[in-house]
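**Student:** The following block contains a protein sequence and its predicted model.
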Amino acid sequence: MKYPKLERLQILHYPDPHLREKAVDLTDVGNFLKELTERMSELMFGAKGIGLASTQVGWPFRFIVLGSLTEEGKSEGYINPVILSRQGRQVAEEGCLSVPGIWAKVRRAERVRVRATRIDGERIEFDAEGMAARAWQHELDHLEGGLFVDRVGPAARIVIAGRLREMEEHYVPPDDEGDEH
């Protein structure tokens, strides 16, 4: 398995092709994930985010980091997360660390049932609602190669189209170096 060099890790920006890759299940659970959680959390909090998927840093495995909505500076890493069920509807404005400067209203489920494994190996299943449910859905979209801009309505799509086109025109790919562990 190819591991990224943590010191070189950075948040990828649209239209980086890694953002459209579908992540694969993570089978090798080791100490690296603790270090990766710390580095991804550092990047996420530095960019004022509440979640970050591994695909957003160019690592194509099912792994996310979510910040606590109640304790500032606290975060947790989750391996192979899946949403088991969705209930209700909510519409709220979303942004994304990989699509900086763009905000739009997105419809999401109000409540989700989630199953994941913590980095210590504990398997968990729980319900999330409101903003926490929105964050889970947003990050799991990333693991499927999706972005929140794919979920906006037709009017919002027209409004953001120019900014997305500008991002495409000015895109410079990052240097893709990995490290075998």
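**Tutor:** The structure has been received and is ready for your questions.
**Student:** Quick one: low-confidence residue ranges for the protein.
**Tutor:** Under the criterion pLDDT under 70, the flagged ranges of the chain are 1, 176-181.
**Student:** what sits against the residue nearest the centre of the chain?
**Tutor:** Centroid check for the chain by Cα atoms, centre = their mean gives Ala53 as the closest residue, at 2.9 Å. Listed by Cβ atoms under 8 Å, 6 or more residues apart in numbering, the contact partners of Ala53 are Ala23, Phe63, Ile64, Glu139, Leu140, His142, Leu143. Backbone N, C-alpha and C define where each C-beta goes, glycine included.
**Student:** Name the nearest residue to it, sequence neighbours excluded.
**Tutor:** Using Cβ to Cβ, 6 or more residues apart in numbering and skipping the chain neighbours, the partner closest in space to Ala53 is His142 (3.5 Å).
**Student:** how about that neighbour, secondary structure?
**Tutor:** Under DSSP: H, G, I helix; E, B strand; the rest coil, the three-state class of His142 is helix.
**Student:** Going by residue numbers, what spans are strands in this structure?
**Tutor:** In order along the chain, the chain carries the following strands (DSSP state E): 2-4, 51-53, 63-67, 75-87, 90-94, 104-108, 111-118, 123-129, 178-180.
**Student:** Export the ones you listed as TSV, with columns for distance to His13.
**Tutor:** Output for the strands of the chain, formatted as TSV (distance: least, Cβ to Cβ, whole Å):
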stretch	distance to His13
strand 2-4	16
strand 51-53	13
strand 63-67	18
strand 75-87	21
strand 90-94	16
strand 104-108	17
strand 111-118	26
strand 123-129	27
strand 178-180	19
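**Student:** For Asp150, find the nearest of those strands.
**Tutor:** Closest approach to Asp150 among the strands of the chain (Cβ to Cβ): strand 104-108, 9.4 Å.
**Student:** tell me the contacts of Lys74?
**Tutor:** Gly67, Ser68.
**Student:** The same query, at a cut-off of 10 Å, please.
**Tutor:** The contact partners of Lys74, taken as Cβ atoms under 10 Å, 6 or more residues apart in numbering, are Ser41, Phe45, Leu66, Gly67, Ser68.
**Student:** Buried ones only from these, please, as a ChimeraX command.
**Tutor:** To isolate the buried members of the contacts of Lys74 in ChimeraX, using 16 or more other Cβ atoms under 10 Å:
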select :41,45,66,67
